[in-house]
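S.K.: 3D model of this:
(one chain, ligands or ions: 1)
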Amino acid sequence: MSTTDSACLPSIMAVLTALVLFTGIFSGFTDSDETTSTTLPLDPNTIARGQSLAYDYGCIGCHYVGSRTAAAFNGLYNSERLLTNENIIIADEAYLRESILEPRAKVPDGYARGIHPSDYRVRLNDQQVDAIVAFIISLADQ
Ligand code: HEC
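M.R.: Model (predicted):
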């Protein structure tokens, strides 16, 4: 009997260790999910730069709250977008970037294609696109 008991102990320890490890990994996951959902540095300076670029390059002229021309940037990040091809996707960072640079790649339902300028990939450099995307992300909860 006592041999069985002591034989059980290591396996109980193993289960406990596994549990602790699993919880650790799991909370690690949720943590990193929150902090690395974006690869961009969301510092106030980048966001402010993105905001002025969004004005300078005319984005706000179409993407303002209440606009019928295009979706507002407010609340856009990580929202569900129904596309004209009937797919539903999440407006993650990659989608925002693609939508700015390749507007024909994925067209949100309810908006006309061919209005969003198609020349931003030559007019904006990577850092400018990063800053604009950071600005849009900063408006996620608004
Ligand atoms: C002349 C109006 C106009 C301007 C200027 C414009 N856009 Fe757009 N944009 C649109 C329209 C219309 C769509 C939806 C149709 C499409 O995807 O082509 C769109 C789509 C988008 C999307 C995807 C939004 C969604 O509904 O899922 C993003 C992101 C975006 N634009 C960002 C920008 C940024 C950033 C700029 C400035 C650098 C900009 N746009 C300038 C009209 C415009």
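S.K.: show me where the chain has its strands.
M.R.: Under the criterion DSSP state E, the chain carries strands at the ranges 80-82, 88-90.
S.K.: and the last one, which strands flank it?
M.R.: Pointing back at strand 88-90 there. Strand 88-90 pairs in its sheet with strand 80-82 (antiparallel), by DSSP bridges.
S.K.: show the average pLDDT along the strand it pairs with.
M.R.: Averaging pLDDT along strand 80-82 yields 98.
S.K.: again with stretch 59-75
M.R.: Per-residue pLDDT values across stretch 59-75 average out to 98.
S.K.: need the residues that contact it.
M.R.: Identification of contacts with stretch 59-75 by Cβ atoms under 8 Å, 6 or more residues apart in numbering yields 53-54, 108, 111-112, 115-116, 132, 135-136, 139-142. Placement of C-beta: from N, CA and C, glycine included.
S.K.: domain map for the protein?
M.R.: The record, using automatic domain parsing to delimit domains, assigns the chain the ranges 1-36, 44-138.
S.K.: thinking again about what came up before, can I get the contacts of stretch 59-75 in a markdown table with neighbour count, pLDDT and distance to the ligand?
M.R.: Below are the contacts of stretch 59-75 laid out as a markdown table (neighbours: other Cβ atoms under 10 Å; pLDDT from 0 to 100; distance: Cβ to the nearest ligand atom, whole Å):
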| residue | neighbour count | pLDDT | distance to the ligand |
| --- | --- | --- | --- |
| 53 | 17 | 98 | 7 |
| 54 | 19 | 98 | 6 |
| 108 | 18 | 97 | 4 |
| 111 | 16 | 96 | 4 |
| 112 | 10 | 95 | 6 |
| 115 | 11 | 97 | 4 |
| 116 | 20 | 98 | 3 |
| 132 | 26 | 98 | 5 |
| 135 | 22 | 98 | 8 |
| 136 | 26 | 98 | 6 |
| 139 | 18 | 97 | 11 |
| 140 | 16 | 96 | 12 |
| 141 | 8 | 92 | 17 |
| 142 | 10 | 86 | 15 |
